[in-house]
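Asker: Sharing a model that was predicted from the sequence below.
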Amino acid sequence: MLCAGITVYSPMKHFGLFEHGKHLGVIGLGGLGHMAVKFAKAVGAKVTVISTSPNKKKEAIEQLGVDEFLISGDQQQLQAAVGTMDGIIDTVSAPHALLPLIEMLKTDGKLILVGAPLIPPELPVFPLIMGRKLIAGSKIGGMKETQETIDFAAKHNITADVEVIPMDYVNTAFERVAKADVKYRFVINVENTLNSP
């Protein structure tokens with residue numbers, strides 16, 4: 001909650017996407033993305049997840065309650081979503097194109113970047129101008145907003161989905177991260193290692 005939770009809560013609230021009836025897209029269904037989905041569903045937003053991983057669809061719909069799940073490599077699915085979303089929270093840190101995301105926004109839509117790719121994305125200006133669309137970034141909130149996030153999560157019984165691992169599993173965990181085989185964050189249990197001889 002103190003990392004992924006506030007990282008998505010803050011921009012959703014700041015940019016007016018934290019409202020009943022809004023249509024929010026969430027790019028990436030990992031540690032940040034699953035929290036964005038949970039918060040948006042708690043306020044009654046329609047949520048569409050856009051992911052490279054088709055194997056996450058069933059869980060996204062059945063356990064997280066997303067309304068739609070699009071595969072980012074399926075041009076037909078992306079085309080059908082053009083002009084449908086009020087905002088998109090982009091949680092992906094891998095290089096990816098922004099144009100398909102910008103096209104999914106309604107007029108005055110907002111694309112909020114919280115993932116940080118090492119290679120800067122290409123910025124297609126014309127679709128921004130024509131749709132009066134906004135691209136912004138956000139990293140985290142302050143103490144007051146963090147407390148708000150915790151209070152909101154407690155009120156709506158929202159928790160982060162994590163996989164607790166022992167310290168000696170860290171190398172395997174890194175390998176699984178590289179394969180996108182994490183639901184949704186690893187938490188290292190260091191309790192047993194603190195008392196080791």
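Answerer: Structure received. Numbers count the residues shown, from 1 in each chain.
Asker: can you tell me which strand in the chain is longest?
Answerer: strand 105-113 (DSSP state E).
Asker: how far does whichever helix or strand comes after that one sit from the chain's center?
Answerer: Note on strand 105-113: by DSSP states H and E, the next helix or strand toward the C-terminus is helix 125-131. Offset of helix 125-131 from its chain centre (Cα atoms, centre = their mean, to the nearest Å): 24 Å.
Asker: In contact with the nearest residue to Pro124 once chain neighbours are set aside, which residues?
Answerer: Nearest residue to Pro124, sequence neighbours excluded (Cβ to Cβ, 6 or more residues apart in numbering): Leu99, at 4.7 Å. Bear in mind the C-beta positions are built from the backbone N, C-alpha and C, glycine included. Counting by Cβ atoms under 8 Å, 6 or more residues apart in numbering, Leu99 touches 122, 124, 127.
Asker: can you give me the helices for the protein?
Answerer: 4-14, 31-42, 57-62, 75-80, 99-104, 125-131, 143-155, 170-178, 191-194 (DSSP state H).
Asker: buried sites along the fourth one?
Answerer: The neighbour-count criterion (16 or more other Cβ atoms under 10 Å) identifies Leu78 as the buried residues of helix 75-80.
Asker: what does the fifth one give?
Answerer: With burial defined by 16+ other Cβ under 10 Å, the residues of helix 99-104 counted as buried are 100-104.
Asker: Pass me the low-pLDDT residue ranges in the chain, would you?
Answerer: 1-2, 192-197 (pLDDT under 70).
Asker: Spell out for me which residue occupies the centre of it.
Answerer: Centre of the chain computed as the mean C-alpha position; nearest residue by Cα atoms, centre = their mean is Gly33, 2.3 Å away.
Asker: tell me the contacts of it?
Answerer: 8, 26-27, 49, 51, 89, 91, 184.
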